[in-house]
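Novice: following is a predicted model, sequence given first.
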Amino acid sequence: MIQIDNVQKYFYKGEEREVHALRDINLTIEKGEFSLLNGPSGCGKTTLLNAIGALDTVDSGKIYLENRDIVALSENERTNLRLNEMGFVFQSYNLVPVLSVAENIGFIMKLQGFSDSETKERVEEVASMLEIDNKLDSLPNTLSGGQQQRVAVARAVAAKPKIILADEPTANLDSKNSTALMNMMRSLNEKEGVTILFASHDEYVIESVRRIIKLEDGAIVES
Amino acid sequence: MYKLILKLAWNNAFLRLSRTLLVIIMIAVSMSMMLSIQGIYDGMTVNMIDKTKRSDSGEVSIYNPEYRLNKVLQNSIKDADKIKAEIASRSDVSAVVTRLSVEGLSATARKSAFSNIIGIDLEEEIAFGEFDDFLKEGEMVLGKRGAVIGSELAKTLKIRIGSKVIFSTQDSSGEINAMAVKIKGIVKTSNISLDATALYVDAKRLYAFLGVKESEATQIAIRSTSETLQQALQARYTKLDVKTLLELNPMLKQMEDMMVIFTSITFFIVMLVVFIGILGVMYVSILDRIREFGIMRAVGMEYRHIRLQIFLEALFVGLVGYASGALLGLGALLYLQEVGLNLSQFADGLASFGMDTILYGHMELSYFTNTFYAIISASLLSVVLPLKKIKNLNPIDVIKADT
């Protein structure tokens, strides 16, 4: 599903403070995987996740999403790719404060042009899976951190993306909420068959995933 | 999707309610003040033009071309009665009067002053321009020996109601002749020249006194709303001068132009205030929500949709501000129309311009349509700069700030 060939990424290239963030990355992620990019801070896991998510560019190499090289895409094409084929979960929940939980979950579906009824049906389905169906009319600021992160996951999964990229999703959650969130995401992966790739060094994530890809100094050391 | 963008824009426009309300109040107050100033400016001009039309020239006046250079009886319009009848029969004319006017000297036992005796048909003048409306003191009657005098001339001659005035002038035969009149009323037309020199008597008496045929007149004044009347009459009466009100009163034209300049400057300042107000609020609002926009871009929302949302936010603030300002301005204008603005402490200065001490407002639909376009344009323009921030926004920077 995702094929990464010889990817290199530098920050501050050509300057004295140049950082070689990704070193000759070669990686394959199959459909339906529940995997983790793991390693110490600054090892390049978020940089790699952002490159896979077409949020960031690379200096050389290829990244294929179902045989399509996303490195060669224009800015607009990358925006469309993120909208239609990817879902994102960030460390801070980043919900839209003026929209209700239901509207936040259906946000991407509405951008994709789904009808009100299709969106409503799917929002209720996903909210039920993530146990936030009793909060659909609430505003995000009335929810706990764990509930807000579940809304963020629901938003990412509602539009049925090919892959969900989750960067430190449990970093702001306590142990109980972290375990609950990971259980729910694993359940989504199994029920919906959605590919989920995490970038994290949190033990709750490490314990939950089926595959761990270890990075050190921008290079994969174990996959 | 557009329903969602609309909701986002509406909710965000009023997310920081006190901040948004402050801008709305600023727009409303600036706009209502601007409407009031414009109403007063226009009211002054419209009032002066209206009084000049009613008391003197109408929309169009006809003279013998020589008369305007040399105001003697020999330069009258010879067949004025026929011309008057012909013009009165036109469908685009609402009223016509003829006047006979001659310059001379008005004197009392103690004072004398240059004046202009005008022979009028009082009933016709009332129908023409509600002449009785200008009465300041006394009664509006002329009769066989009565006269009505301009307020400034009365002041110069120190005349009261019932005073006797001797008017001397050259009659049609060239002889110096004098007539005695008793002042029945004092009029204030706000037409500086008339108020300072006019002595109105019955036309028939003046014709007889001057030995002029009743078919003659020195002026034919016409009331009409037709824009093309002047050209039509000039084409018909080629040997006569057919002039519009503003051609006859260049000072009024200058004043009208000056008011347009004043209004434009006020308009520009108010719009600048609106522009800066909305710019400030939108800029701060966008900086506050830069993370939100970054995340929207990250999850695949196109820049054009974010731009639409921001434009709509500014539009909503502008529209609510406009609606409040229009209501407030309408109230102020209605008050100024009804009650007016009392400037009696500046009475002398205003009188020298022929203005009343109470200035009444004027109102036109164009005030509201022009401010609508201006406020909406200012609102939309005010977000161009903040939008640049979002256009250049890299979602990665926002996500990095997360960690």
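Specialist: Done, it's in. Numbers count the residues shown, from 1 in each chain, chains lettered A, B, ... in the order given.
Novice: quick check: next helix or strand after whichever strand or helix holds A:Ser187?
Specialist: Using DSSP states H and E, the element containing A:Ser187 is helix A:175-192. Of the helices and strands lying after helix A:175-192 in sequence (DSSP H and E), the nearest is strand A:195-199.
Novice: kindly report the residues of chain A close to chain B.
Specialist: Counting by CB under 8 Å from any CB of the partner chain, chain A comes close to chain B at A:46, A:50, A:55-56, A:76, A:79-84, A:86-88, A:90-92, A:94, A:96-99, A:103, A:107-108, A:110-111, A:113, A:155, A:167-168. In short, each C-beta sits where N, CA and C put it, glycine included.
Novice: in ChimeraX, how would I select just the buried ones from these?
Specialist: Per 16 or more other CB atoms under 10 Å in any protein chain shown, the buried members of those correspond to this ChimeraX selection:
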select /A:46,50,55,56,79,80,81,82,83,86,87,88,90,91,92,94,96,98,99,103,107,108,110,111,155,167,168
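Novice: please name the residues that touch A:Met184.
Specialist: A:129-131, A:150, A:153 (CB atoms under 8 Å, 6 or more residues apart in numbering or on different chains).
Novice: so what's the residue count around the residue lying closest to B:Phe316 once chain neighbours are set aside?
Specialist: With CB to CB, 6 or more residues apart in numbering or on different chains as the criterion, B:Phe316 has its nearest non-adjacent residue at 4.2 Å, and that residue is B:Ala13. For B:Ala13, the neighbour count with other CB atoms under 10 Å in any protein chain shown is 27.
Novice: B:Ala13 reaches B:Val317, doesn't it?
Specialist: Yes - the pair B:Ala13 / B:Val317 is scored as a contact, 5.4 Å apart, by CB atoms under 8 Å.
Novice: any idea how far B:Phe262 is from B:Ala95?
Specialist: 33 Å (CB to CB, to the nearest Å).
Novice: who's more crowded, these two?
Specialist: B:Ala95 (17 against 13).
Novice: pLDDT score assigned to that one?
Specialist: Per-residue pLDDT puts B:Ala95 at 96.
Novice: that one bridge partners, please.
Specialist: Beta-bridge pairing for B:Ala95 (DSSP bridges): B:Arg223.
Novice: that one and B:Ala127, how far apart?
Specialist: From B:Ala95 to B:Ala127 the distance is 6 Å (CB to CB).
Novice: sec struct for A:Thr28, please.
Specialist: strand (DSSP: H, G, I helix; E, B strand; the rest coil).
Novice: do A:Ile108 as well
Specialist: helix.
Novice: buried ones in the helix holding A:Ser187?
Specialist: For helix A:175-192, by 16+ other CB under 10 Å, it's A:177-178, A:180-182, A:184-185, A:188-189, A:192.
Novice: relative to strand A:195-199, how tilted is it?
Specialist: 150 degrees (axes from the mean of the first three to the mean of the last three CA atoms, to 10 degrees).
Novice: so how far is helix A:175-192 off the chain centroid?
Specialist: 14 Å (CA atoms, centre = their mean, to the nearest Å).
Novice: can you check stretch B:142-149 too?
Specialist: For stretch B:142-149, the distance to the chain centre is 33 Å (CA atoms, centre = their mean).
Novice: do the same with stretch A:20-31
Specialist: With CA atoms, centre = their mean, you get 16 Å for stretch A:20-31.
Novice: how about stretch A:39-47?
Specialist: Worked out by CA atoms, centre = their mean, stretch A:39-47 lies 15 Å from the chain centre.
Novice: which residues sit against it?
Specialist: A:9, A:21-22, A:37-38, A:56, A:167-168, A:199-201, A:214-219, A:221, B:399, B:403.
Novice: quick revisit: take the contacts of A:Met184 and keep only those in helices.
Specialist: A:129, A:150, A:153 (DSSP state H).
Novice: most neighbours among these, please name it.
Specialist: Going by other CB under 10 Å, A:Arg150 tops those with 29 neighbours.
Novice: touching, it and A:Ile132? I think so.
Specialist: Yes - between A:Arg150 and A:Ile132 a contact is recorded at 5.2 Å, counting by CB under 8 Å.
Novice: what's stretch B:263-272 in contact with?
Specialist: B:30-31, B:33-34, B:37-38, B:41-42, B:370-371, B:374-375, B:378.
Novice: so for it, what gets flagged as buried?
Specialist: B:263, B:266-267, B:270-271.
Novice: what's the answer for stretch B:293-310, then?
Specialist: Going by neighbour count (16+ other CB under 10 Å), the buried part of stretch B:293-310 is B:293-301, B:303, B:305-306, B:308-310.
Novice: one more: stretch A:194-212?
Specialist: Applying 16+ other CB under 10 Å to stretch A:194-212 flags A:194-202, A:204-205, A:208-209 as buried.
Novice: need the pLDDT of the closest residue to chain B within chain A.
Specialist: With CB to the nearest CB, the shortest gap between chain A and chain B falls at A:Leu83, namely 2.5 Å. Reported pLDDT at A:Leu83 in the predicted model: 92.
Novice: ok, now B:Phe311?
Specialist: 92.
Novice: wait, what's in contact with the residue of the stretch 151-300 of chain B found nearest chain A?
Specialist: Nearest to chain A in the stretch 151-300 of chain B, going by CB to the nearest CB, is B:Gly300, at a distance of 2.5 Å. B:Gly300 is in contact with A:79-84, A:86, A:108, A:111, counting by CB under 8 Å, 6+ apart.
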